[in-house]
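> I'll drop the sequence and a predicted model, then ask my questions.
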Number of protein chains: 2
Amino acid sequence: MCIAGGTLDKMGKTASDDWSMTTGGRLPAIDIPAHSHIFFEGDERRTLYLVESGWVKLYRTLIDGQRQVVGFANAGSVLGLESDGEHVNSCEAITPVKVRTIPIARLPEMFARDPIFSEQILRQVGRQLGAAQAQLAAVGVQSAEQKLATFLLSVSRLCDACEYGEFDLPMRRGDMAEFLGLRLETVSRKMSEFQRRGWIRMTSLYNCQLVNREALEDLAEGAEILPPAIRQAG
Amino acid sequence: MCIAGGTLDKMGKTASDDWSMTTGGRLPAIDIPAHSHIFFEGDERRTLYLVESGWVKLYRTLIDGQRQVVGFANAGSVLGLESDGEHVNSCEAITPVKVRTIPIARLPEMFARDPIFSEQILRQVGRQLGAAQAQLAAVGVQSAEQKLATFLLSVSRLCDACEYGEFDLPMRRGDMAEFLGLRLETVSRKMSEFQRRGWIRMTSLYNCQLVNREALEDLAEGAEILPPAIRQAG
DNA sequence: GCCCTGCCATGATCCGCATCAAACGAGAAC
DNA sequence: GTTCTCGTTTGATGCGGATCATGGCAGGGC
């Protein structure tokens, strides 16, 4: 599963998050320590990476040194599908991460042998595309407050064990800012403001508790996709 | 080919833009008049659409009526890959458009019969994902001027007949604005400013000529992906 | 204990772009 | 020709978030 913005896929764990069926679980596993890189933009793309545990961020760097985080990913995500030849994103582990590798060279053979795998991969990359577009909409039109509220709700939904109460927010303020198209000072200010309003409580810098979920949802609401009924009326 | 932002794929027409090999050219073709919709967000996704000619825009609408254009597409693009079950974007023809349809129900059969088709589709959606991420970076970090310069250069590169001189800019100012995360007044002002500086010349509202391409490139440059050599130095 | 380093919080100021408003131009209908 | 409409251009003003600057806090090495 991944967050590439305001929305993440809401379907939770589905068959397509479980790759053991098609890959047979026989792929080599690698452990990556926190804050080290899995690949850089410009590196030759030899393999796809399947995230088994932990969190990574995907980002691009511009000439002037500015960065845009284009997505966060955790267990179930496949990394590297957006590239062709060379990686166009850099990928850094936020927490300790375990990945399995799928050699690019083996893909044609895997497609030929197992059409289900083709469908599974296509669905995965389609989701990532939808999520990237949702994030584009968030960064393009939402206010700083809305962006942050939407983001917090998204991350909270990824935590299935917590019943939407307490959850980990493993990335730094600067990562959140680079993802949301803000400065880290703005993120920090708005987080403080949300606490002052009694909407959230930071149990630590990297763990958050939603106290008033509804307030956040009301704020983020202006950014939700227009349902068809309303669309046709408008 | 598509623009989902500052970057479009630079490879020009490749084998994967030509779908006649795999689809056999036996798919039904439909003509869509300008400014009518091909599908709406929320519609059931029964088919993919293969654009044969003309331009379309893909967009999302928010509750408060704001819209984000998530991409423009022309000949060679496949539409609908980002969705699953229901369309998450709306798609409107900017110019008269000709599309062919690929029934979703036939996809498993096509994957099973022709693994090359699987690879082709995967490459197409991978490109769209990369382009969406590039646009995310543009909207997230670039100034209004940089966004517009990058956009003009992108569209100009799509016109292969024009040798980078004159080219069509078929979308309205408001569409460009909704794509770039700006207001149409800002787009209009910057277009006028580029003309005043002698960088471009508008032969009509929907046709543009690059007079000083380098100036635009210098402006947009700050937004280019950092090449690996520089990355490693920094 | 000490200092150093990395990350975060918060305050003061500034500027780019949104917003509000009005005028302009081209095309269509008549 | 006139008038209406739709999209664009241009101007005046204000605000949200960037920027610059300072201080705080936690962890690690010694």
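Good, I have the coordinates.

> so residue A:26 sits in a helix?
No: read with DSSP: H, G, I helix; E, B strand; the rest coil, residue A:26 is coil and lies in no helix.

> how much space is there between the most centrally placed residue in chain A and residue A:92?
When Cα atoms, centre = their mean is applied to chain A, the residue found nearest the centroid is residue A:3 (2.4 Å). Using Cβ to Cβ, to the nearest Å, one gets 15 Å for the distance from residue A:3 to residue A:92. C-beta coordinates here come from the backbone N, C-alpha and C atoms, glycine included.

> cool, residue A:188 as well?
Taking Cβ to Cβ, one finds residue A:188 at 21 Å from residue A:92.

> where in chain A is pLDDT low?
A:1, A:4-17, A:21, A:24-25, A:160-164, A:223-234 (pLDDT under 70).

> and the longest helix belonging to it, anywhere near DNA strand D?
Identified as the longest helix of chain A according to DSSP state H is helix A:115-141. No: Helix A:115-141 stays clear of DNA strand D (Cβ under 7 Å from any atom of the strand), getting no nearer than 10.2 Å.

> between whichever helix or strand comes after that helix and helix A:115-141, how many degrees?
Under the assignment DSSP states H and E, the closest C-terminal helix or strand after helix A:115-141 is helix A:144-158. Put simply, helix A:144-158 runs at 150 degrees to helix A:115-141, going by axes from the mean of the first three to the mean of the last three Cα atoms, to 10 degrees.

> could you say what helices and strands helix A:144-158 packs with?
With contacts defined as 3 or more Cβ pairs under 8 Å, 6 or more residues apart in numbering or on different chains; DSSP states H and E, helix A:144-158 has these neighbours: strand A:2-3, helix A:115-141, strand A:166-168, helix A:173-180, helix A:184-196, strand A:207-210, helix A:213-221.

> Can I get the ones you listed in TSV including distance to residue B:105?
Output for the helices and strands packed on helix A:144-158, formatted as TSV (distance: least, Cβ to Cβ, whole Å):
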stretch	distance to residue B:105
strand A:2-3	27
helix A:115-141	12
strand A:166-168	39
helix A:173-180	37
helix A:184-196	45
strand A:207-210	41
helix A:213-221	35
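
> Get me the contact residues on chain A for DNA strand C.
Residues of chain A lying near DNA strand C (Cβ under 7 Å from any atom of the strand): A:172-174, A:184-185, A:187-189, A:191-192, A:202, A:205.

> List only buried entries from the residues you listed.
Neighbour counting by 16 or more other Cβ atoms under 10 Å in any protein chain shown classes A:172-173, A:187, A:191 among the residues of chain A next to DNA strand C as buried.

> and those as CSV, adding distance to residue A:56?
Output for those, formatted as CSV (distance: Cβ to Cβ, whole Å):
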residue, distance to residue A:56
A:172, 14
A:173, 18
A:187, 20
A:191, 22
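
> Is stretch A:98-110 in proximity to chain B?
Yes: on the criterion Cβ under 8 Å from any Cβ of the partner chain, stretch A:98-110 is in touch with chain B at A:107-108.

> List the contacts of that stretch.
A:19, A:22-23, A:27-32, A:38, A:45-54, A:78-79, A:117, B:115, B:119 (Cβ atoms under 8 Å, 6 or more residues apart in numbering or on different chains).

> Next step: the residues you listed restricted to strands.
A:29-32, A:38, A:47-53, A:78-79 (DSSP state E).

> Only the buried members of those: can you turn that into a ChimeraX selection?
In ChimeraX, a selection of the buried entries from those looks like this (16+ other Cβ under 10 Å):
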select /A:32,38,47,48,49,50,51,52,78,79
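
> Return the residues of chain A in contact with DNA strand D.
Residues of chain A lying near DNA strand D (Cβ under 7 Å from any atom of the strand): A:143-145, A:181-183, A:185-186.

> right, and the pair among those residues with maximum separation?
Greatest spacing in the residues of chain A next to DNA strand D, by Cβ to Cβ: A:143 and A:185 (15.7 Å).

> thinking again about what came up before, tell me which of the helices and strands packed on helix A:144-158 lies nearest to residue B:69.
With respect to residue B:69, and counting by Cβ to Cβ, the nearest of the helices and strands packed on helix A:144-158 is helix A:115-141 at 8.5 Å.

> For DNA strand D, state which of the residues of chain A next to DNA strand C is nearest.
For the residues of chain A next to DNA strand C, the closest approach to DNA strand D (Cβ to the nearest atom of the strand) belongs to residue A:185, at 4.0 Å.

> Check the gap between that closest one and residue A:175 for me.
Per Cβ to Cβ, residue A:185 is found 14 Å from residue A:175.

> Residue A:61 now?
Residue A:61 is 14 Å from residue A:175, where distance means Cβ to Cβ.

> Take the ones in strands among the contacts of stretch A:98-110 and lay them out in JSON lines including distance to residue B:105.
Output for these, formatted as JSON lines (distance: Cβ to Cβ, whole Å):
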{"residue": "A:29", "distance to residue B:105": "37"}
{"residue": "A:30", "distance to residue B:105": "39"}
{"residue": "A:31", "distance to residue B:105": "42"}
{"residue": "A:32", "distance to residue B:105": "40"}
{"residue": "A:38", "distance to residue B:105": "37"}
{"residue": "A:47", "distance to residue B:105": "33"}
{"residue": "A:48", "distance to residue B:105": "28"}
{"residue": "A:49", "distance to residue B:105": "32"}
{"residue": "A:50", "distance to residue B:105": "29"}
{"residue": "A:51", "distance to residue B:105": "31"}
{"residue": "A:52", "distance to residue B:105": "33"}
{"residue": "A:53", "distance to residue B:105": "36"}
{"residue": "A:78", "distance to residue B:105": "25"}
{"residue": "A:79", "distance to residue B:105": "30"}
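
> Is it possible to get CSV of the ones in strands among the contacts of stretch A:98-110 that adds distance to chain B?
Compiled in CSV, the ones in strands among the contacts of stretch A:98-110 are given as follows (distance: Cβ to the nearest Cβ, whole Å):
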residue, distance to chain B
A:29, 24
A:30, 22
A:31, 24
A:32, 19
A:38, 15
A:47, 15
A:48, 11
A:49, 14
A:50, 15
A:51, 16
A:52, 22
A:53, 23
A:78, 11
A:79, 11
